[in-house]
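**Student:** what shape does this take:
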Amino acid sequence: MRGQQTGKKLGQGEIYLNSSEMAAWLGVSLRTVVNLRRRRLLPHIKIGRLVRFSREQVESALRSYTVNELQVRPGK
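**Tutor:** Below you'll find the predicted structure:
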């Protein structure tokens, strides 16, 4: 899905996706997207009842959640 153009451009060319489009783009269920949004782990905007996700902001948030491998020290 990453190669296909989805969502709508608003403002300065930033692409915003709805919850279903975000789930497809991330490869997870709609329920997962809703749960992550409710836990405030996915940045989003609300316009009335509409929820939209900026792909750029979500990518940035996901990069910040990257888990690094532990460095094992010899002898321990």
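
**Student:** once you drop chain neighbours, what's closest to the one residue sitting closest to the centre of the chain?
**Tutor:** Among the residues of the chain, the smallest C-alpha distance to the mean C-alpha position (CA atoms, centre = their mean) belongs to V58, namely 3.5 Å. On the basis of CB to CB, 6 or more residues apart in numbering, the spatially nearest residue to V58 that is not a chain neighbour turns out to be L42, at 5.9 Å. C-beta: built from backbone N, CA, C; applies to glycine.

**Student:** same check on T32?
**Tutor:** Once flanking residues are discounted, T32 sits nearest to A23: 6.8 Å by CB to CB, 6+ apart.

**Student:** give me the three-state assignment for the one you found.
**Tutor:** A23 carries the three-state label helix when classified by DSSP: H, G, I helix; E, B strand; the rest coil.

**Student:** surely it touches S29?
**Tutor:** Yes - with contact taken as CB atoms under 8 Å, A23 and S29 are classed as touching, separated by 6.1 Å.
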